[in-house]
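Novice: here is a sequence together with a model predicted from it:
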Amino acid sequence: MNFPSQQPGTIQTPGFAHYSVAWSPFHTTRLAVASAANFGLVGNGRLHLVSSNPNPGGLSRLSLDKQYETQDGLYDVAWSEIHENQLVSASGDGSIKLWDVMLNDLPIRAWQEHTREVFSVNWSNVKKDTFASSSWDGTVKIWTPERPRSVTTLQAHHSCVYQALFSPHQPDILSTCSTDGTLKIFDLRSPAYVTTGPNVNTFTNPISAPALTVPASATEVLSIDWNKYRPMVLASAGVDKIVKIWDCRMVKPGGSSQVGGICETQLLGHEYAVRKVQWSPHRPDILATASYDMTSRVWTTTPAPGRPQLLHINDTHTEFVVGVSWSLYEEGVLASCGWDGRVNVFRP
């Protein structure tokens with residue numbers, strides 16, 4: 001079902017497949033896009049800064065303001081919550097870089113602790129001097145921009161961690177998803193440390209035990225997001241093509257950690273793996289998804305008579321759609337990006 005909508009504003013960046021798009025929390029028209037050459041398999045990366053300016057006819061006009069070259073592909077980007085001109089990028093070479101958009105060339109800081117690809121970065125909008133990274137090395141690391149090394153390491157999974165997100169409600173709660181099909185929630189206030197022997201200094205070993213483990217899928221979970229209005233409610237999506245809504249207040253004992261989570265709703269319709277899910281910042285029942293079926297979609301979790309769960313399909317991309325992001329200032333405006341090198345801004 002495809003309801004009428006505006007034609008999207010579009011910008012093309014030839015030679016670079018997009019992996020992530022994010023709206024600035026400070027500037028209403030500013031977007032950042034993380035990209036990689038050769039679909040991220042080999043080669044360099046590029047961080048694009050894009051402006052989305054409305055035209056009199058109602059369509060957004062996208063313009064490329066600036067770009068930064070990197071030695072390896074970029075998989076994710078996150079704007080700082082304390083500095084309007086700064087953002088961090090996640091790279092395939094395991095590095096994390098902090099950029100200032102007022103400077104033209106090099107990052108202002110770089111970290112190299114992950115041993116494999118960094119697949120996500122997320123800035124806490126509660127504890128605003130803190131951001132998290134997740135990697136294919138199975139770890140999640142917590143950072144502050146001023147420190148030369150990470151603050152905390154979580155041995156979150158024993159396989160690659162696709163995403164790690166701080167709760168928008170509680171500063172020390174963080175969720176992860178992984179190739180092992182689980183969604184995990186960690187409480188950074190009550191760590192449980194890895195112990196590998198009687199003489200191990202537990203204070204230098206990473207946190208390993210989650211506060212809650214949700215068996216979310218029999219296959220890989222590629223993306224998660226916290227509901228902005230309902231604490232402890234998350235959406236998950238992945239290879240099984242299903243978007244699932246979890247109430248993580250419901251738990252049962254599970255040894256060293258809790259196991260549980262109630263699946264409230266399942267959203268069906270994507271034809272291939274769902275690569276990204278994101279709740280609306282303006283509505284508690286609306287979320288957007290991006291998929292390898294070359295579409296981005298908008299859903300509601302509270303269907304009504306004459307109003308199905310699937311509200312809109314945007315099918316203007318010609319390759320995998322891997323990123324989607326809601327505008328924080330203009331309700332109902334979405335940006336999507338894909339392997340076709342296109343960024344679309346549209347209003348469903």
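Specialist: The structure has been received and is ready for your questions. Numbering: from 1, shown residues only.
Novice: please count neighbours and contacts with C-alpha atoms only from this point.
Specialist: Fine.
Novice: what's stretch 232-252 in contact with?
Specialist: 183, 212, 214, 216-227, 258-279 (C-alpha atoms under 8 Å, 6 or more residues apart in numbering).
Novice: quick one: buried ones out of those?
Specialist: For the contacts of stretch 232-252, a burial check counting by 16 or more other C-alpha atoms under 10 Å picks out 183, 212, 214, 216-217, 220-227, 258-263, 266-267, 270, 272-279.
Novice: burial count for Trp143?
Specialist: Residues within reach of Trp143, counting by other C-alpha atoms under 10 Å, total 20.
Novice: dig out what it forms beta bridges with.
Specialist: Phe131 (DSSP bridges).
Novice: one more: Trp246?
Specialist: With DSSP bridges applied, Trp246 shows beta-bridge pairing to Leu234, Cys263.
Novice: where does the prediction get shaky in this structure?
Specialist: Within the chain, the ranges that satisfy pLDDT under 70 run 1-8, 56-59, 191-206, 251-257.
Novice: ok, Asp129 touching His83?
Specialist: No: Asp129 lies out of contact with His83 (C-alpha atoms under 8 Å); the separation is 9.4 Å.
Novice: check which helix or strand covers Ser297.
Specialist: Ser isn't right for residue 297; it's Arg. Element membership for Arg297, per DSSP states H and E: strand 296-300.
Novice: what angle do the next helix-or-strand element following that strand and strand 296-300 make?
Specialist: Downstream of strand 296-300, the next assigned helix or strand under DSSP H and E is strand 310-314. For strand 310-314 against strand 296-300, the angle by axes from the mean of the first three to the mean of the last three C-alpha atoms, to 10 degrees is 170 degrees.
Novice: and strand 310-314, which residues are buried?
Specialist: 310-314.
Novice: please apply the same query to stretch 332-346.
Specialist: 332, 334-346.
Novice: now do it: distance from first to last residue.
Specialist: 9 Å (C-alpha to C-alpha, to the nearest Å).
Novice: can you give the distance from that stretch to the centre of its chain?
Specialist: Stretch 332-346 has its average C-alpha position 15 Å from the chain's average C-alpha position, going by C-alpha atoms, centre = their mean, to the nearest Å.
Novice: so what touches that stretch?
Specialist: 5-22, 39, 52, 59-60, 290, 294, 296, 317-327, 347-348.
Novice: now render the buried residues of strand 310-314 as CSV, adding distance to Thr179.
Specialist: Formatted as CSV, these follow (distance: C-alpha to C-alpha, whole Å):
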residue, distance to Thr179
Leu310, 27
Leu311, 29
His312, 29
Ile313, 27
Asn314, 27
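Novice: hang on, Glu113 packs against Ser95?
Specialist: Yes: between Glu113 and Ser95 a contact is recorded at 7.1 Å, counting by C-alpha under 8 Å.
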